[in-house]
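**Q** below: sequence and its predicted model.
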Amino acid sequence: MDVTKLTAVNEHLGNVIHVPYPHATAEGQKTCSEHPRDMAIFFGTGFRNVPDLDWNGYIGRVNECLQYMRERCGDCDLYYKPHPAETDETSLLNLEGFQIIREKNIADTYLQDHHDHIKYVFSVHSIVSATAYSLGLNAYMFMDVFHGIYNETLLRWYREVYFSEMPESFFIRDLSASLHENKKALPDDRELEGQVRRMLAQRAGTVWFILTVSPLDVLLSVVTMVRRLEPNRRIGLLLYRHRRWDAMNLDDIRSRFDEVHVFPRAFYSLHPRRLLQMLRVARAVRRFPIAPDDIFFGFSGYEFLENCFISYHPRVLRVAFWTYRSFLCHQNSGNNSFFRGRQYRFTWASRVYFRILFPLLGLRRVLYLQPAGKDRLLFAMQRYERPMNEEYDYVMYLHA
């Protein structure tokens, strides 16, 4: 499939709203007195799972990045936070002078919990660096010093697509250069708050937040906002069970909602057991007690659970909260020269779902496309067949 022919936005509807990424609010932060000095954190990568990687070159270059931090972050305590997918990677790195963070939580909540004590955030290409920058922290990526070590097409995808909205100061290109602070002045959340207030005024029922696992920091900021605007409004969480929830305290999330409902995660698979689980999720959502006066605040986009809720309960006000970098990755292919000449294809399962199961189940059609040929190492593209703003009443794109 030629993905440059897919439409990004239906410009005639006028229901797309661009707002700054909400920052961690004071209500969402915790005081961490165990950190007397500022923190400089390197967020690791499960590099055993990275394809087409120069193994020895990667380990050596990461060690150079860690030395860069030792030399330029002398006023901070140094930390290394392993990626949830890491196994023994820390044993292969020179972490002299670094403390390993063992807390079992994901990066989004860690940044919020320790926000006031973090001075610098580094990674090779982790999304956590972009999240940290959006939260007003000094944040950087080392990916530009990994040419010849990473697959070059994959590095181009990161640079020209996924992280293309990030400023040049975000990318470290020379390990001999000085380190300059790049944190941005955070805008207040009044623009987003005004939009949320307008949505709440349109319905009086429960506000249902729909989430897989990310962007959790955005969701928690919007939950705090709704609580502040309407303290008596009932708020529920519809959660897609994801393996990453095993690495964090779900009870801490539950406490922020009046009710939480967890659904099993469904996969695009033709295996009978997986297929049956998909059908069970669809049936459970169809029967779920949603009132016409409720609101969906969706943070999972095209994921199966959210697709079921917005398809089976169409009278509810549907609002999508979507990071702009995800838009650039999955929906903007027709406006980015990187995608020209590249071919994507259905998997057998995704073709059956697209052609047969989605229509039979009464769901919006979702494209799940794998890159083909020489581009097979790129990330899959997943989006609604139609522009997202045709599937929701409002779409809010959150800019870094």
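**A** Thanks, I have it.

**Q** ok, now how distant is the nearest residue to Phe171 once chain neighbours are set aside from Cys65?
**A** Nearest residue to Phe171 in three dimensions, chain neighbours excluded: Asp144, at 5.0 Å (Cβ to Cβ, 6 or more residues apart in numbering). Using the backbone N, CA and C atoms, a C-beta is placed for each residue, glycine as well. Relative to Cys65, Asp144 is positioned 11 Å away (Cβ to Cβ, to the nearest Å).

**Q** looking at those two, which has the bigger crowd around it?
**A** The neighbour comparison of Asp144 against Cys65 (other Cβ atoms under 10 Å) goes to Cys65, with 19 against 15.

**Q** report pLDDT for Asp246.
**A** Turning to Asp246, the model gives it a pLDDT of 60.

**Q** nope, His35 is what I was after
**A** Taking His35 on its own, its pLDDT is 60.

**Q** try Thr87
**A** For Thr87, pLDDT reads 76.

**Q** swap in Arg233?
**A** 97.

**Q** helix or strand for it, which one?
**A** Per DSSP states H and E: Arg233 is located in neither a helix nor a strand.

**Q** now swap in the one 5 residues further on and tell me
**A** Per DSSP H and E: Leu238 is located in strand 235-240.

**Q** for that strand, what is the distance to the chain centroid?
**A** 17 Å (Cα atoms, centre = their mean, to the nearest Å).

**Q** go on, stretch 80-90?
**A** On Cα atoms, centre = their mean, the centre of stretch 80-90 falls 19 Å from that of its chain.

**Q** what about the nearest residue to Asp38 once chain neighbours are set aside, distance to Leu377?
**A** Leaving aside its chain neighbours, Asp38 sits nearest to Lys119 (3.8 Å; criterion: Cβ to Cβ, 6+ apart). From Lys119 across to Leu377, the span is 34 Å (Cβ to Cβ).

**Q** now do Glu230
**A** Taking Cβ to Cβ, one finds Glu230 at 47 Å from Leu377.

**Q** what do you get for Val19?
**A** 33 Å.

**Q** what's opposite His261 in the beta bridge?
**A** Leu238 (DSSP bridges).

**Q** quick check: it touching Gly236?
**A** Yes - His261 is within contact range of Gly236, at 7.1 Å (criterion: Cβ atoms under 8 Å).

**Q** thank you, goodbye.
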